[in-house]
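>>> Sequence first, then the predicted structure:
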Amino acid sequence: MLRTPDDFDETNRFEVQSYIEDTQPALQTDENPKITREVQEIIRLAQSNAKGWIETIQLLYADTYVNLNEGKLRLLARKEGRKIAEELSKSNSYEGLEELLDIYVEHFLGQFAETSKDDEHIGPMLSAQDWEIQSIVARDKEDAPPRHMRHYHQRDLGVIQAIRHLHISLDDAPNHLEEIHSWADKYDKMYSNPRKGVEWPTPDTFPGK
């Protein structure tokens with residue numbers, strides 16, 4: 001469960017201290033007495049900025065399914081978060097910039113993950129492997145004969161594609177059954193329930209573009 005800055009008020013300092021020690025032990029040092037306020041601020045800004053992007057997506061693609069690219073989303077979070085972490089570090093003489101940046105990225109992506117659970121037009125974040133499988137599924141569906149002429153199950157094709165694209169030899173396949181079937185599970189799900197839509201973030205989303 002994500003924690004928000006509202007959870008960390010002055011009347012509950014013990015909870016704040018426990019949160020920092022549990023999640024970012026390296027950040028709590030005697031030389032940085034203002035770390036609690038900085039963590040609160042970086043979390044608040046990460047969630048606020050993510051919500052701003054989500055509102056933009058909902059306005060631009062109101063009737064379109066949006067496929068979230070996890071790698072590009074993480075890159076966007078790091079580009080935005082670095083500027084914010086640098087300002088916090090500069091204004092508070094705090095040297096843990098990378099730690100603050102990691103907190104920003106975690107809560108930025110977390111906000112998108114929470115939203116995708118409830119918004120039917122925004123899908124879950126897809127990894128690089130997910131995107132690869134999705135493109136393979138699209139090609140296989142185009143090349144597939146009509147269902148009544150198909151003498152194989154899509155699951156069989158998924159297992160074959162898994163072995164091919166994971167670069168596993170047939171002789172070695174028995175040693176990689178879990179990996180093969182995990183890949184094939186994704187293939188099977190995407191084949192049965194294709195969710196075509198736009199990919200986000202788009203190239204013009206990034207700062208400085």
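Thanks, I have it. Everything numeric in this text was worked out from a predicted model, so none of it was measured.

>>> switch to C-alpha atoms for all contacts and neighbour counts from now on
Fine.

>>> Please enumerate the strands of the chain.
66-69, 122-126, 198-200 (DSSP state E).

>>> Give me whichever of the ones you listed is most buried.
Highest mean neighbour count among those (mean count of other Cα atoms under 10 Å): strand 66-69, with a mean of 22.

>>> what are the C-alpha coordinates of that one, in CSV please?
C-alpha atoms of strand 66-69 as CSV (Å, rounded to 0.1, in the frame of the first residue of the first chain):
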residue,chain,number,x,y,z
VAL,A,66,-3.8,3.1,-23.4
ASN,A,67,-0.9,0.6,-23.2
LEU,A,68,1.6,1.8,-20.6
ASN,A,69,5.2,1.2,-21.5
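
>>> how distant is that strand from the center of its chain?
9 Å (Cα atoms, centre = their mean, to the nearest Å).

>>> can you check stretch 59-69 too?
Using Cα atoms, centre = their mean, the offset of stretch 59-69 from its chain centre is 16 Å.

>>> average pLDDT across it?
Averaged across stretch 59-69, pLDDT comes to 88.

>>> swap in stretch 120-134?
The model assigns stretch 120-134 a mean pLDDT of 83.

>>> Go ahead and confirm Arg78 touches Val105.
Yes: assessed by Cα atoms under 8 Å, Arg78 is found in contact with Val105 at 6.1 Å.

>>> So the two - more neighbours on which side?
Val105 (26 against 19; other Cα atoms under 10 Å).
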